[in-house]
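J.: Sequence below, structure please.
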Amino acid sequence: MDFTLVTSTFETLRLTPPSKLTLLEAQEFSSAHFPPTPPDVDTLILGVDSRELALQVKKVLLAVYPKEHEVRWVEGYRLQVESLGDFQPATCNFQPATCLYIPSLGEGTSFEAFAEIVAHLRAPEDGCPWDKEQTHQTLRKHLLEESYEALAAIDANDTAGMREEFGDLLLQIVLNAQIASETKDFSMREIVKSIYDKIVRRHPHVFGDLKLDDVNGVLQNWEKLKEKERGGKKEEKGLLDGVPSILPALNQAQEYQDRAARVGFDWPEIEGVLDKIREEIEEIKKAQNLEEVTAELGDLFFVLVNLARWRKVDAESALREANLKFKKRFAHVEKGAKAQGRNLSDMTLEEMDVLWNEAKKLGM
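T.: Numbers count the residues shown, from 1 in each chain. This next block holds a predicted model:
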């Protein structure tokens, strides 16, 4: 690292070097996809010596920094200030000493800053009384609630809602990690390192030399890798034991079927699934009592999930969309009844069907 260059760069910038500064060589961006620097710290990138490298640096930075964020290019004693998104390589004469200075995005824009405020909430002296009392068990319901709220935002394609709900969900994860670090069970560092290693290990076609042609090949290899991992553990677990028992039934059924299919336990053609659906409907017709009807309906639901899997449809999402569609149409029926000054209970099915079909025509 050329600290003489750093000193001269700040002289050109007419800035006092900040108390916190990230220094990076531009080559670190050459194969990167995400900036290797916390955005709440000023960053100086050294050695942007070509237009191609400058464009790569810009591309990586735009993964975090807004396009209107003002940056400063320094070439010797020449200073050029422009927004990150407006930068064009023709505006600079690149040389080994060309540097890019990126002011921070401000307080609270890094994961480290977020982890700090969560730790502060749990601090014995000046933390929050509510947060200090929480445990993994007391936070369980909040984790579940936030997960469902995030799913609701996804289902509604509400990007602003997703941004907010993902933040709420992240809070639950970091808060649980903080609690675990206080009891010396595990830390956020261990959580991140564990999933980092798992992603690398399970993607040899990305981070290694393995060649896979398509998604099916990826999934089959994924299952082989997980099977190998299970075999290395003392506790013997089956292929389906890793599926959480708390999952909604449709999610659980589809995950069971996905995993079984990856090792070849599946119909060779979709016609087998359709035949099975017909068979289960006939068995429902023949059912004699509640117990038999319940069992046969369960079988029918299960095979319908298999049909969804074959058609590349997420069964849980499909049913949620159907539920939402029903809710909207029924609300229209209620609104129509109210407009007529009537109660739904006083209307005939035929009268309600008129309003229902009206809702369908309106695209509900």
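J.: Show me the strands in this structure, by range?
T.: 21-25, 42-46, 70-75, 78-83, 99-102 (DSSP state E).
J.: Give me the contact list for the last one.
T.: Spelled out, it's strand 99-102. For strand 99-102, the surrounding residues in contact (Cβ atoms under 8 Å, 6 or more residues apart in numbering) are 5, 9, 13, 26, 37, 42-48, 54, 57, 61, 65, 69, 71-74, 84. Any C-beta I mention is one placed from the backbone N, CA and C, and that applies to glycine too.
J.: I'd guessed Asp299 sits against Glu282; true?
T.: No: counting by Cβ atoms under 8 Å, Asp299 does not reach Glu282; the two are 11.4 Å apart.
J.: Buried deepest among the strands of the chain, which one?
T.: strand 99-102 (a mean of 24; mean count of other Cβ atoms under 10 Å).
J.: sorry, back to before: which neighbours do Asp299 and Glu282 have in common?
T.: Going by Cβ under 8 Å, 6+ apart, no residue sits against Asp299 while also sitting against Glu282.
J.: Between those two, which is the more surrounded one?
T.: For Asp299 versus Glu282, neighbours defined as other Cβ atoms under 10 Å are more numerous around Asp299 (16 against 10).
J.: Can you tell me, leaving aside adjacent residues, what's nearest to the more buried one?
T.: Excluding its sequence neighbours, the residue lying closest to Asp299 (Cβ to Cβ, 6 or more residues apart in numbering) is Glu280, at 5.0 Å.
J.: Any idea how far stretch 180-196 is from the middle of the chain?
T.: 20 Å (Cα atoms, centre = their mean, to the nearest Å).
J.: Please read the previous query as pertaining to stretch 243-254.
T.: 19 Å.
J.: Would you mind putting the strands of the chain into TSV with mean pLDDT and distance to Arg342 alongside?
T.: Converted to TSV, those look like this (pLDDT from 0 to 100; distance: least, Cβ to Cβ, whole Å):
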stretch	mean pLDDT	distance to Arg342
strand 21-25	93	68
strand 42-46	94	67
strand 70-75	91	62
strand 78-83	89	60
strand 99-102	93	65
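J.: just the helices in the stretch 251-364 of the chain please.
T.: Here the stretch 251-364 of the chain has its helices, by DSSP state H, counting those that start in this stretch, at 270-286, 290-310, 315-339, 349-361.
J.: Share the number of residues neighbouring Glu68, please.
T.: Around Glu68 there are 9 residues (other Cβ under 10 Å).
J.: what's near enough to touch it?
T.: Residues in contact with Glu68 (Cβ under 8 Å, 6+ apart) are 83-85.
J.: circling back: indicate which one of the helices of the stretch 251-364 of the chain is closest to Phe94.
T.: helix 315-339 (48.5 Å; Cβ to Cβ).
J.: What is the burial count for the residue lying closest to Leu362 once chain neighbours are set aside?
T.: Of all residues not flanking Leu362 in the chain, His332 sits nearest, at 7.2 Å (Cβ to Cβ, 6+ apart). A count of neighbours around His332, defined by other Cβ under 10 Å, yields 17.
J.: residue contacts, His332?
T.: 355-356, 358-359, 362, 364.
J.: and it, how far is that from Phe29?
T.: According to Cβ to Cβ, to the nearest Å, His332 stands 54 Å off from Phe29.
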